[in-house]
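Chemist: need a structure here:
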Amino acid sequence: MVQRYRHKKLLFLFFLILFAGLTLYLFLVPDVSRLKKENPKKTSFMEYREKDWKRKDKKFRIHQKWVPFSQISPYLIKSVLIAEDDKFWRHEGFDYEAMQKAIEKDIKAKKFKLGGSTISQQLAKNLYLSPAKTPIRKIIEAIITWRLERALTKKRILELYLNVVEWGDRGIFGIEAASMHYYGKPAYELSPEEASRLAAVLPNPRKYNPLGDSRYVTHRSNLIYSIMVRRGIVVPEYEEVIDVDKENDELETPVDVPPKIEVPQAE
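Modeler: Numbers count the residues shown, from 1 in each chain. Down below sits the predicted model:
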């Protein structure tokens, strides 16, 4: 009798979770199909920043200019993939290995951060959600990510991400605005070194400056650049080859970059 009651209780709990999931899917998750051809004018994350500036009485404003995928330096595209989501072309929105490591790290730290986000997940958050790291927000983020991956091509997801991601502490959003702000040139003219430094700050673009002398940015950008050299994306001068070889000898296990990094496959 007790076991029968327990089974009914579990069945009820299952249908309750299923109902909650369907409710989230139908009412809280936006229709992403319009993003196939329509560029978002302002994201939820931009609106969040504007509200924060207003609350703190700061006179900042959003700086962003949309550019098509073809007008972005291939060095920047490769640098961002290496830095943020090296399995982008192969996964379906989620990097389960990275998520498992993030969960294990959270358990040890006794905090709920759940990192290991892919570019698709970051795009879902930037377009529709707030920075709050709550379980409910992560569930909604996962559903939106699933829909983005099924409605859009990988190339379109990457194009959207590069145009809306935050790239500075005073309203710099998107690669075109970032390229003009830091280097005074359009995104398609970025060199491998400039691209590496811009990609290096993405984990915390409000804290780090691509032009600064931070050891973290210098170290991370050098790693990104050296990976591009090893993959044949960049063909350096002789002196640079010597420097990269020396750096690789000193850094057998790169910091913040997985020891085994898979080559993204072209679409």
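Chemist: per-residue pLDDT, the residue sitting nearest the centre point of the chain?
Modeler: Most central in the chain under Cα atoms, centre = their mean is I119, positioned 3.9 Å from the mean C-alpha point. What the model reports as pLDDT for I119 is 95.
Chemist: Excluding chain neighbours, what is closest to it?
Modeler: Take I119 and drop its neighbours on the chain: the residue closest to it by Cβ to Cβ, 6 or more residues apart in numbering is D85, 4.3 Å away. From N, CA and C alone the C-beta is placed, and that goes for glycine too.
Chemist: now that neighbour: how far from R156?
Modeler: 15 Å (Cβ to Cβ, to the nearest Å).
Chemist: out of those two, which sits in the more crowded spot?
Modeler: D85 (22 against 15; other Cβ atoms under 10 Å).
Chemist: Model confidence for the more buried one, exactly?
Modeler: pLDDT at D85 comes out at 93.
Chemist: What's the separation between it and T145?
Modeler: Counting by Cβ to Cβ, the gap from D85 to T145 is 12 Å.
Chemist: Touching both of those two, which residues are there?
Modeler: Shared contacts of D85 and T145 (Cβ atoms under 8 Å, 6 or more residues apart in numbering): 118, 120.
Chemist: Mind giving me the packing neighbours of the helix or strand L76 falls within?
Modeler: For L76, the host element (DSSP states H and E) is helix 74-84. Secondary-structure packing of helix 74-84 (3 or more Cβ pairs under 8 Å, 6 or more residues apart in numbering; DSSP states H and E): helix 119-128, helix 154-164, helix 192-200, helix 215-230.
Chemist: According to the record, where do the domains of the chain fall?
Modeler: Annotated domains of the chain cover 1-30, 31-250 [automatic domain parsing].
Chemist: and the ones you listed, which is most packed in?
Modeler: domain 31-250 (a mean of 17; mean count of other Cβ atoms under 10 Å).
Chemist: OK, contacts around the nearest residue to F69 once chain neighbours are set aside?
Modeler: Once flanking residues are discounted, F69 sits nearest to E159: 4.2 Å by Cβ to Cβ, 6+ apart. E159 is in contact with 68-69, 72, counting by Cβ under 8 Å, 6+ apart.
Chemist: Just the residues you listed: which are in strands?
Modeler: Of these, none are assigned to strands by DSSP state E.
Chemist: any idea which of these is the one closest to R90?
Modeler: F69 (18.9 Å; Cβ to Cβ).
Chemist: can you pull the contacts of that closest one?
Modeler: Contact partners of F69, counting by Cβ under 8 Å, 6+ apart, are 155, 158-159, 162.
Chemist: Do a quick rundown of the helices in this protein.
Modeler: Remark: helices assigned in the chain by DSSP state H are 2-23, 44-55, 74-84, 96-109, 119-128, 135-151, 154-164, 175-183, 192-200, 215-230, 238-250.
Chemist: circling back to that earlier point, taking their axis directions, the helix holding L76 and helix 119-128 sit at what angle?
Modeler: Interaxial angle, helix 74-84 versus helix 119-128 (axes from the mean of the first three to the mean of the last three Cα atoms, to 10 degrees): 100 degrees.
Chemist: Alpha carbons of helix 74-84, in PDB - could you do that?
Modeler: Taking C-alpha atoms only, helix 74-84 is exported to PDB below (Å, rounded to 0.1, in the frame of the first residue of the first chain):
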ATOM      1  CA  PRO A  74      38.200  35.600 -40.300                       C
ATOM      2  CA  TYR A  75      41.000  36.000 -37.700                       C
ATOM      3  CA  LEU A  76      38.400  37.400 -35.300                       C
ATOM      4  CA  ILE A  77      35.900  34.600 -36.000                       C
ATOM      5  CA  LYS A  78      38.600  32.000 -35.400                       C
ATOM      6  CA  SER A  79      39.900  33.700 -32.300                       C
ATOM      7  CA  VAL A  80      36.500  33.900 -30.700                       C
ATOM      8  CA  LEU A  81      35.700  30.200 -31.400                       C
ATOM      9  CA  ILE A  82      39.000  29.200 -29.900                       C
ATOM     10  CA  ALA A  83      38.500  31.400 -26.800                       C
ATOM     11  CA  GLU A  84      34.800  30.800 -26.200                       C
END
